[in-house]
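Structure here, sequence nowhere to be found:
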């Protein structure tokens, strides 16, 4: 199995998908429908074809969008981006698992703080958030186990209450999208340096192994039980096919071929 080629092919597909999501953000200024975006603008700069720029002001985005806690998007656009973002994050996590295959690193040691060490001024530059390497676990409420609960009023736990806001009913009603934009930036940054994310995963695995030896409670796998976040049985977007392939490859790299 050519794992390097598999990572390169799927990461290239994810770069195009990320470019589409940022183009959808740009559609807010142009007033076009975000759901009509099917491709991405061709890059005429000297950068490599398919590469996504890390500039926060690219494609008409506001310069303060990455630091402004009141950055909002229309509810329709928020949901349209989220339907792509969640499976894209899951697909990238599985590419990182493949890239970290056979990589063994020691856990980072704690650095001792020196006395009277001069303090450095905080940087004004916006920090790119770290990409979440672990699948978010499902959160269940008592309604999920209540046989008398109305299925039309209960909120499905598979989507997660933090992803959607069911109280909003107007498609163009603004919703706070600061966290959504941070997740997009983290996804774009991690996708640009998968080997770095593979080393992060290897260090997490080393810390997990130490915790297991010490019999401390810890999470064992980056995968959550069942299907990945954002998984859809019927494909409605290119990202669904990418996630399906990445999930199968990641399971194969970890568990070997399925002989059942």
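Received the coordinates, thanks. Owing to the predicted nature of the structure, the values given are computational and were not obtained by experimental measurement.

So which residues of the stretch 101-250 of the chain form helices?
Listed in chain order, the helices found in the stretch 101-250 of the chain under DSSP state H, counting those that start in this stretch are 178-192, 194-213, 238-255.

Beyond the lengthiest helix in the chain, next helix or strand please.
Determined from DSSP state H, the single longest helix within the chain is helix 3-30. Note on helix 3-30: by DSSP states H and E, the next helix or strand toward the C-terminus is strand 72-74.

re earlier: distance to residue 19 and mean pLDDT added to the helices of the stretch 101-250 of the chain, as JSON lines?
For glycine as for every other residue, the C-beta is placed from the backbone atoms N, C-alpha and C. Converted to JSON lines, these look like this (distance: least, CB to CB, whole Å; pLDDT from 0 to 100):
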{"stretch": "helix 178-192", "distance to residue 19": "9", "mean pLDDT": "93"}
{"stretch": "helix 194-213", "distance to residue 19": "17", "mean pLDDT": "93"}
{"stretch": "helix 238-255", "distance to residue 19": "12", "mean pLDDT": "92"}
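
Excluding chain neighbours, give the residue nearest to residue 238 in space.
When the adjacent residues along the chain are set aside, residue 238 lies closest to residue 17, with 6.4 Å between them (CB to CB, 6 or more residues apart in numbering).

Let me see the contact set for that neighbour.
Taking CB atoms under 8 Å, 6 or more residues apart in numbering as the criterion, residue 17 is in contact with 84, 88, 238-239, 242.

Look up the pLDDT of it for me, please.
What the model reports as pLDDT for residue 17 is 96.

coming back round to it: export the helices of the stretch 101-250 of the chain to TSV and append columns for mean neighbour count and distance to residue 21.
As requested, the helices of the stretch 101-250 of the chain are arranged in TSV below (neighbours: other CB atoms under 10 Å; distance: least, CB to CB, whole Å):
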stretch	mean neighbour count	distance to residue 21
helix 178-192	20	6
helix 194-213	16	18
helix 238-255	19	9
